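Engineer: no sequence on this one, just coordinates:
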């Protein structure tokens, strides 16, 4: 029998957060029938799979022997899911109250909405930025770099969709990937996540394809979820830089062309060269040397990668 809601969580070495997330998922759904939970474990070594088998016997576990990445893991979960509605969740979240049935009810009553995202909260319950417009070229070149302060305020104001208050339900271009609820027919139409994005920018690309297929993407603050941001990716600092920036380059190539993407890649690499110089100067004068050495090592790994980690199959989704 198919489920009403399939929840897909991709986990990598955050066992305790995953356990807390699953408790909140079941509490939010309550005694209603039709909930299916799928956890895709990307070769964790912290006992995550054993914890699942012991404490959550109803969870469908897909235990990978290698790290398939955020996109690969989610596509595995989507392929296994039977629900009419498909919710991708990070493992570092906690559902607040009845957020899950609220989100499902919203999609059921708005048939032209293809994706809905809740209001994300920081652990202190302040609002976490989670809604966006598509990035313009100034945003792609400057946002999330040490030169972000040079970006005109109005450009970032628009990018972060701040023209309306945080508590207003609104159409947006895309939502961040900690919690994304969609429909089975949407995935059948546009495919799953593009696995050329190992992690980062995958939700941007997915929402763009959903929008281009004619569906609405909606930020829905009546549903709230606490997000303990970045607990998996923060375990590997250099890799986080490489995947974030190479994914940005891949997105740019996919939607703005090869020439602009190569310009962006060279621009980003030049910034890391500069940062190595800045950190090296601070190390020479003896300022927090362990920190400077760690940053220099991470930035050198980024430069060694040449930001070419992303898969070159532009435009493909490997969801089956």
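Structural biologist: Nice, I can see it. Every value quoted in this text rests on a predicted model; they were computed, and no experiment measured them.
Engineer: Surely residue 40 is within a helix?
Structural biologist: No. Secondary structure of residue 40 (DSSP: H, G, I helix; E, B strand; the rest coil): strand, not part of a helix.
Engineer: How about the contacts made by it?
Structural biologist: 8, 9, 10, 11, 62, 64, 68, 73, 74, 76, 77 (C-beta atoms under 8 Å, 6 or more residues apart in numbering). In this view, the C-beta of every residue, glycine as well, is placed from N, C-alpha and C.
Engineer: which stretches of the stretch 1-150 of the chain have low pLDDT?
Structural biologist: Along the stretch 1-150 of the chain, the parts satisfying pLDDT under 70 run over 1.
Engineer: So residue 130 sits against residue 178, correct?
Structural biologist: Yes. Contact criterion C-beta atoms under 8 Å: residue 130 and residue 178 qualify, at 7.1 Å.
Engineer: what residues do these two have in common as contacts?
Structural biologist: Counting by C-beta under 8 Å, 6+ apart, the common neighbours of residue 130 and residue 178 are 120, 227.
Engineer: Average pLDDT for stretch 202-217, rounded please.
Structural biologist: For stretch 202-217, the mean pLDDT works out to 98.
Engineer: in that stretch, what counts as buried?
Structural biologist: Residues 202, 203, 204, 205, 206, 207, 208, 209, 210, 211, 215, 217 are the ones in stretch 202-217 that count as buried (16 or more other C-beta atoms under 10 Å).
Engineer: thought the fifth one was touching residue 193?
Structural biologist: Yes. Using C-beta under 8 Å, residue 206 and residue 193 qualify as a contacting pair, with a distance of 5.4 Å.
Engineer: I'd like to know how many residues surround the closest residue to residue 47 other than its chain neighbours.
Structural biologist: Closest residue in space to residue 47, ignoring its immediate chain neighbours: residue 15 at 5.6 Å, by C-beta to C-beta, 6 or more residues apart in numbering. When neighbours are counted by other C-beta atoms under 10 Å, residue 15 registers 18.
Engineer: what's the closest residue to residue 175 other than its chain neighbours in contact with, if anything?
Structural biologist: By the measure of C-beta to C-beta, 6+ apart, the closest residue to residue 175 outside its immediate chain neighbours is residue 117, 3.2 Å from it. By C-beta under 8 Å, 6+ apart, the residues touching residue 117 are 130, 131, 172, 175, 176, 179, 180, 181, 217, 218, 219, 220.
Engineer: Any chance of TSV for those residues, columns secondary structure and distance to residue 260?
Structural biologist: Converted to TSV, the contacts of residue 117 look like this (DSSP: H, G, I helix; E, B strand; the rest coil; distance: C-beta to C-beta, whole Å):
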residue	secondary structure	distance to residue 260
130	coil	27
131	strand	25
172	strand	24
175	strand	25
176	coil	24
179	strand	31
180	strand	27
181	strand	32
217	strand	24
218	strand	30
219	strand	28
220	strand	33
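Engineer: quick check, nearest of these to residue 264?
Structural biologist: Of all those, residue 176 has the smallest distance to residue 264: 20.8 Å, by C-beta to C-beta.
Engineer: Pull out the buried members of the contacts of residue 117.
Structural biologist: Going by neighbour count (16+ other C-beta under 10 Å), the contacts of residue 117 have 130, 131, 172, 175, 176, 179, 180, 181, 217, 218, 219, 220 buried.
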